[in-house]
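Colleague: Pasting the sequence and the predicted model now:
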Amino acid sequence: MNALEVIGVSKQFGGVAAVDDLSFAVRRGSIYSIIGPNGAGKTTVINLLSGIYRPSAGSIRMMGEAVSGQSTDKLARLGLSRTFQNLQICMNMDAISNVMIGGHVRLDSGFLPALLHLPRIRRHDAELREEARALMAFTGLSQYHAAQASQMPYGALKRLEIARSLAARPKLLLLDEPAAGLNHVETDEIRALIEQIAATGVTVVLVEHDMKLVMQVSTRILVLDYGRKLAEGRPEEVRSDPRVLTAYLGAAA
Ligand SMILES: Nc1ncnc2c1ncn2[C@@H]1O[C@H](COP(=O)(O)OP(=O)(O)OP(=O)(O)O)[C@@H](O)[C@H]1O
Ligand SMILES: [Mg+2]
């Protein structure tokens, strides 16, 4: 069973095809990585999957349901959650509130009940706070549970993004460069965290430049180049593919 199917998807920006007739499928419960040089179209794929962009052509199916062109809210309710390449943390808020924001997508509370402070909302808030605290523990952030986001080091903020994305209780989690800017120790912690998340049954789509991390965690890897599929397969297949070595690993080395 596939968590995700991308069928002939393109995305044009003006005359430029950032994603060009791309097809791939992600099996439920797997860790599926998307790699490729800068500007290859990785973030554009994530933005297409999360409903920020609408495909210029092609279709996307999530958990067997056609979702192309659906709003980000609808996709979130279907079980999709993501992190951002550039941190999207509210720096003027405390850490736990940032995590709680991620849980609000689950509530169908609407504006009026919130305005009236109905008991149901207050109860939800207490539950969200409790769950956010547990997620901060899960992501190794217990020491920051009373911290302001602005006081946290960069590596902890990267994990706070993941904690927030998990507060939505996703079935499908999109991670856009979770290890960018991290040192070796922090990257290894992120690797362990991604594996723990996948072990809970969440399907993970990972965009990442760190090859060691990608080769260690991925069930399958998609290599993008100029918005097109250059190669796709298990880590050992992709690693030894001459086209990949030339276009990507060669260029990086
Ligand atoms: N909103 C946009 N408007 C116009 N062009 C865009 C837009 N977003 C992306 N592009 C272009 O699409 C191409 C793919 O960009 P994208 O950000 O998806 O690459 P990427 O693989 O994520 O790169 P990186 O590794 O640097 O994050 C690039 O040429 C980029 O300039
Ligand atoms: Mg990107």
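Modeller: That came in fine, so what should we check first? Ligands and ions are numbered 1, 2, ... in the order given.
Colleague: What number of residues are in the vicinity of Ala168?
Modeller: A count of neighbours around Ala168, defined by other C-beta atoms under 10 Å, yields 20. No exception for glycine: its C-beta is placed from N, CA and C like everyone else's.
Colleague: Just confirm it contacts Gly103, I think it does.
Modeller: Yes: counting by C-beta atoms under 8 Å, a contact exists between Ala168 and Gly103, whose distance comes to 6.6 Å.
Colleague: Between those two, which contacts overlap?
Modeller: Common neighbours of Ala168 and Gly103 are not found (criterion: C-beta atoms under 8 Å, 6 or more residues apart in numbering).
Colleague: Off-centre distance for stretch 235-246?
Modeller: Stretch 235-246 has its C-alpha centroid displaced from the chain centroid by 24 Å (C-alpha atoms, centre = their mean, to the nearest Å).
Colleague: where are the low-confidence patches of the stretch 151-253 of the chain?
Modeller: Counting by pLDDT under 70, the stretch 151-253 of the chain shows low-confidence ranges at 248-253.
Colleague: ok, which stretches of it are strands?
Modeller: Secondary structure of the stretch 151-253 of the chain (DSSP state E, counting those that start in this stretch): strands located at 172-176, 203-207, 220-225, 228-233.
Colleague: could you pull out the helices for the stretch 151-253 of the chain?
Modeller: Applying DSSP state H, counting those that start in this stretch to the stretch 151-253 of the chain gives helices spanning 154-167, 184-199, 211-217, 235-239, 242-244, 250-252.
Colleague: quick one: contacts of the first one?
Modeller: By C-beta under 8 Å, 6+ apart, the residues outside helix 154-167 that reach it are 81-84, 87-89, 95, 98-103, 128, 131-132, 135-136, 138-141, 144, 149, 152, 173, 175, 178-183, 186, 189-190, 193, 197, 202.
Colleague: and the residue of this structure nearest ligand 2?
Modeller: Going by C-beta to the ion, ligand 2 is nearest to Thr43 of the chain, at 3.1 Å.
Colleague: Glu189 versus the closest residue to Thr203 other than its chain neighbours, what's the distance?
Modeller: When the adjacent residues along the chain are set aside, Thr203 lies closest to Ala3, with 4.0 Å between them (C-beta to C-beta, 6 or more residues apart in numbering). The span separating Ala3 from Glu189 equals 25 Å under the rule C-beta to C-beta, to the nearest Å.
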